[in-house]
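Asks: need coordinates for the below:
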Amino acid sequence: MRWAKIALSTAPLWLSWLGLCNGGVLPDSSPARRQDDPPGEFVWRADTRSPREIRATGGFRPWGENWHRNEAAFLMYRHYHAGPGGCGLSRDLSTRPFQSAYVSLARERATSETYTHEHQNRNTWLYEIRATPNMINPGLSESEVLALGGVHWRQIRRFGLMSTAEGGRVAQIQWIDNPEYARDLYENSEYAARCVVDNDVPPDLDDDWSEDEMDSLDVTREDTDSDESDGEGNDLYPRYRSAATHVSGPAMQALFGRFPPTFTQYPPRDDIPGPSGVRAAASSEEDVIRDAVMRDLERFADMTPEQIRQLYPDYDEMLQELLDSLDRDTCSPPKRPRTQLRARAGQSKNICCQSLYKIRGLVIDQTRQNRKNSATAKSAGISLDELKRLRAGEFDGLNCAAIVKKLEEGVFGPKDGDDGSTGASPAGNQQDCKRARKIVTPKSRSKGPKGKAPPAPAKVVFYGDFLWPAEAKTAGGFLPPRTRPPGPTYEIEGGPTPDPATVVDWPSEVLQTRLIFGPAAKDAAGKASHATDGFHGVVYAVHATPNMLVSGLDSIAVGGIRWSQVLGWVQVPLNYTLPEHDAQQRANIQQHFEKAFQAKNDLFPGSNLFQKNDDYEHKFDELASTSEIPDFDLPQSLEEFMDRNGQAVGWRGGFPLFNPPERVTGESSTAAKVAKAVAPPHEPGFWEKVGHFMESHILAIALLPAVVVANLIPGVGELADAAEVAALSTEAVEGIELTELSSEGASELTPLLRSVAKLKID
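Replies: Down below sits the predicted model:
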């Protein structure tokens with residue numbers, strides 16, 4: 001392949017190739033600014049292609065043709081994680097080429113100057129580029145920024161060929177001004193002060209990315225660039241639309257131009273420097289990509305253990321393991337002729353690319369954790385230094401009583417009757433510090449200290465509500481409390497009624513579900529008593545989906561529950577309460593279960609305790625709750641979670657999960673039930689049997705686990721005799737006491753659930 005062709009096709013890769021995607025590895029230092037620098041910023045890029053070659057392509061272009069028609073191309077973390085040319089991806093790039101909407105740049109000149117070695121027997125150029133607002137800081141390192149749509153030739157102020165002294169240090173740069181730099185626009189116009197990097201990432205562009213889970217998104221569509229929706233007003237291409245919206249407005253149009261960009265085709269001119277040094281016409285993309293991968297790996301491999309701990313404190317051991325297992329002979333910068341390089345290409349490319357892919361994945365994880373750390377410290381009113389010291393167990397000089405108070409208030413709000421005291425005795429301070437450390441330490445990403453594996457995902461959960469099945473069906477399911485229509489209206493206890501257009505604090509985007517029937521029945525009775533006094537509440541058996549989280553006895557559904565995932569329902573007695581604790585009865589729970597299930601078979605021949613939902617869709621049969629509990633430190637974390645786990649319930653990129661056709665409140669529900677305008681959950685004769693059964697087997701009903709509920713819904717689960725179901729139920733509730741069901745325990749979901757508990761129905 002001729003080099004001229006490569007220059008056109010590889011334009012977008014070069015910053016990440018040239019080691020600028022280093023995840024904060026390099027020191028943050030740079031020469032002083034020029035005295036005549038205008039307001040705003042300049043950014044930098046090291047590249048082995050000459051200015052003449054860059055000019056021939058109109059600037060630095062994103063990677064791949066029609067990248068703007070690939071939704072995955074707009075994911076910033078994908079651009080970084082996939083590696084140079086997407087070489088870390090497992091797919092065959094010859095049949096599905098990599099595409100990206102970004103060109104990587106460096107915010108600090110010193111970062112670019114680190115790439116001064118001879119690359120493929122060619123020299124390295126340094127480009128000084130005028131920043132424009134399409135350049136975004138993704139937070140992956142202190143220096144790297146991503147240019148959405150690329151960089152125009154007219155933005156390059158000057159360029160110079162870097163030469164190095166012994167040890168790789170830049171000795172000097174022969175700067176040459178770009179005669180086609182648009183100085184009047186970028187330095188003297190009304191928009192000059194807007195020439196800065198944007199630190200705010202547009203919506204949807206920093207979503208988590210997984211090659212396996214998002215492979216269907218990584219395709220190039222053949223349609224036009226016109227707005228298209230799914231028929232319900234939802235944009236089919238939200239990431240493209242978010243990018244196009246970001247690159248809009250008078251200032252952006254003046255400084256960058258239309259989107260997707262049109263790169264100027266310049267006529268040849270001899271005063272722009274061309275290639276220098278030895279240039280092999282047979283150079284290939286594979287050679288260039290492989291060399292870039294190896295040099296990026298070298299930067300990580302050269303880090304000391306202390307540097308790794310400082311930069312990646314939550315992933316230092318994992319990163320060190322990857323570096324220790326790195327094949328240094330294969331994945332080291334080549335210092336031999338190209339013919340030898342090409343001879344080892346087949347054996348090295350995939351190994352080295354995959355190593356870099358894994359390392360960059362940890363960099364992304366640490367970036368997200370850093371954001372969460374900042375949010376945790378800010379919401380709790382403590383400094384990042386205090387947060388780091390707490391996690392490290394360095395308690396000297398910390399007033400941990402005050403820190404615990406701030407942390408608890410930041411999560412749960414001030415306690416009633418709080419006198420504001422933050423003092424603590426020396427003996428108590430150590431305990432307070434341990435308590436604070438437990439609160440702020442991220443959950444283990446592997447098995448716990450005792451080697452206990454996390455619980456298996458739930459297949460079925462219970463949900464209690466005042467809505468009767470006919471109301472829930474009409475609404476399309478159940479939505480969390482919200483202060484804006486559609487859906488029920490809510491207010492915060494002890495506070496003023498919020499404006500209808502105001503969204504309640506983010507934890508209201510979850511519904512509390514249950515793994516045990518008793519608490520769900522108590523929820524249903526309580527909601528019914530408050531919202532529709534005199535009418536029964538209902539417990540729904542719901543097939544779990546990945547938008548549901550389980551921790552201990554707590555479970556939640558983020559976004560809500562679709563009616564089509566409801567397996568069945570049963571009405572509960574008015575003012576239902578959990579039975580009193582009886583140790584002897586609890587010890588004989590299997591006998592209670594056996595009696596209850598045998599009585600159920602006798603009482604409901606041909607039917608069952610739960611009434612089947614004929615609208616249930618079996619597409620949910622193979623799904624379950626999410627097994628890993630993420631940290632929800634930021635409001636947008638819920639949306640990020642739903643981006644990954646909400647597809648099964650029709651997630652469209654924002655709350656609410658769905659739009660019900662009408663707004664159901666406690667008042668309107670009561671009126672409909674009084675007027676008998678809504679069908680009751682059961683026929684009267686059936687309910688009499690259910691009520692009697694619940695009263696006769698109160699302990700078995702209170703501890704009934706969701707895991708056996710399929711056996712209680714006709715036509716849903718496998719048939720099983722009473723003894724078999726009783727044994728399964730006993731195993732499921734082993735170690736669970738009635739006192740646990742009656743009190744507030746603590747789990748990873750507790751902050752979300754306590755916030756939800758502050759909400760009440762209008």
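Asks: what's the average pLDDT for the helix or strand containing Thr730?
Replies: Assigned by DSSP states H and E, Thr730 falls within helix 722-732. What helix 722-732 shows for mean pLDDT is 70.
Asks: how about stretch 402-411?
Replies: Averaged across stretch 402-411, the pLDDT comes to 71.
Asks: now swap in stretch 298-314 and tell me
Replies: 86.
Asks: need the distance between the two termini of that stretch.
Replies: For stretch 298-314, the first-to-last residue distance is 22 Å (CA to CA, to the nearest Å).
Asks: give the other helices and strands that whichever strand or helix holds Glu53 contacts.
Replies: Applying DSSP H and E as the criterion places Glu53 in helix 51-56. The contact analysis (3 or more CB pairs under 8 Å, 6 or more residues apart in numbering; DSSP states H and E) places helix 51-56 against helix 3-9, strand 124-130, strand 156-164. Every residue, glycine included, has its C-beta placed from N, CA and C.
Asks: can you do 10 Å?
Replies: With contacts taken as 3 or more CB pairs under 10 Å, 6 or more residues apart in numbering; DSSP states H and E, helix 51-56 sits against helix 3-9, strand 42-47, strand 124-130, strand 156-164.
Asks: need the longest helix for the protein.
Replies: As assigned by DSSP state H, the longest helix anywhere in the chain is helix 345-380.
Asks: would you mind identifying the next helix or strand past that one?
Replies: Once helix 345-380 ends, the next helix or strand along the chain (criterion: DSSP H and E) is helix 384-392.
Asks: which outside residues touch that following helix?
Replies: Identification of contacts with helix 384-392 by CB atoms under 10 Å, 6 or more residues apart in numbering yields 313-314, 370, 373-374, 376-378, 380, 382-383, 394-400, 402-403, 406-407, 433-442.
Asks: among those, which ones are buried?
Replies: Neighbour counting by 16 or more other CB atoms under 10 Å classes 314, 370, 373, 376-377, 380, 382, 395, 398-400, 402-403, 406-407, 433, 435-437, 439-440 among these as buried.
Asks: from those residues, which ones fall inside helices?
Replies: Those of the buried ones among the contacts of helix 384-392 lying in helices (DSSP H): 370, 373, 376-377, 380, 400, 402-403, 406-407, 433, 435-437, 439-440.
Asks: between the residues you listed, which is closest to Val725?
Replies: Distances from Val725 to those, taken as CB to CB, are shortest for Ile439 (40.2 Å).
Asks: excluding its backbone neighbours, what's nearest that closest one?
Replies: Distance criterion CB to CB, 6 or more residues apart in numbering; nearest residue to Ile439, sequence neighbours excluded, is Leu407 at 5.1 Å.
Asks: is it correct that the one you found is in contact with Cys433?
Replies: No - if you go by CB atoms under 10 Å, Leu407 and Cys433 don't touch, sitting 11.6 Å apart.
Asks: got any residues that touch both of those two?
Replies: Here Leu407 and Cys433 have 390, 400 as joint contacts, going by CB under 10 Å, 6+ apart.
Asks: give me the neighbour count for Arg61.
Replies: Burial of Arg61 is recorded as 23 neighbouring residues (other CB atoms under 10 Å).
Asks: that one reaches Trp67, doesn't it?
Replies: Yes - between Arg61 and Trp67 there is a contact under CB under 10 Å: 9.0 Å.
Asks: where does pLDDT dip in the stretch 151-300 of the chain?
Replies: For the stretch 151-300 of the chain, the stretches with pLDDT under 70 are 164-171, 212-213, 223-235, 277-285, 287-288, 291.
Asks: one step back: just checking, what packs against the longest helix of the chain?
Replies: Applying 3+ CB pairs under 10 Å, 6+ apart, one finds that helix 345-380 contacts helix 76-81, helix 285-301, helix 305-311, helix 316-324, helix 384-392, helix 400-412, helix 426-440, helix 635-645.
Asks: buried sites along the last one?
Replies: Within helix 635-645, the residues that qualify as buried are 637-645, counting by 16+ other CB under 10 Å.
Asks: could you dump those to TSV with pLDDT and distance to Pro38?
Replies: TSV is the format used below for those (pLDDT from 0 to 100; distance: CB to CB, whole Å):
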residue	pLDDT	distance to Pro38
Ser637	69	39
Leu638	77	42
Glu639	79	38
Glu640	77	38
Phe641	83	43
Met642	87	43
Asp643	82	39
Arg644	82	43
Asn645	87	47
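Asks: number of nearby residues for Ser210?
Replies: 12.
Asks: hang on, it in a strand?
Replies: No - if the criterion is DSSP: H, G, I helix; E, B strand; the rest coil, then Ser210 is coil and not within a strand.
Asks: is it true that it touches Ser90?
Replies: No - here Ser210 does not reach Ser90: they are 11.6 Å apart, not a contact under CB under 10 Å.
Asks: which SS state does Ala521 fall under?
Replies: Three-state call for Ala521 (three-state DSSP): helix.
Asks: what's the nearest residue in space to it that is not next to it in sequence in contact with, if anything?
Replies: Take Ala521 and drop its neighbours on the chain: the residue closest to it by CB to CB, 6+ apart is Val572, 4.3 Å away. Contacts for Val572 (CB under 10 Å, 6+ apart) come out as 464, 517-518, 520-525, 528, 536-539, 681, 690-691, 694, 701.
Asks: return the members of the residues you listed classed as buried.
Replies: Buried by 16+ other CB under 10 Å: 464, 517-518, 520-525, 528, 536-539, 681, 690-691, 694, 701, out of those.
Asks: can you list which of these are found in helices?
Replies: Those of the buried ones among the contacts of Val572 lying in helices (DSSP H): 517-518, 520-525, 528, 690-691, 694, 701.
Asks: could I get those as JSON lines with distance to Gly85?
Replies: JSON lines is the format used below for these (distance: CB to CB, whole Å):
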{"residue": "Phe517", "distance to Gly85": "55"}
{"residue": "Gly518", "distance to Gly85": "57"}
{"residue": "Ala520", "distance to Gly85": "52"}
{"residue": "Ala521", "distance to Gly85": "58"}
{"residue": "Lys522", "distance to Gly85": "58"}
{"residue": "Asp523", "distance to Gly85": "53"}
{"residue": "Ala524", "distance to Gly85": "56"}
{"residue": "Ala525", "distance to Gly85": "61"}
{"residue": "Ala528", "distance to Gly85": "60"}
{"residue": "Val690", "distance to Gly85": "64"}
{"residue": "Gly691", "distance to Gly85": "67"}
{"residue": "Met694", "distance to Gly85": "64"}
{"residue": "Ile701", "distance to Gly85": "61"}
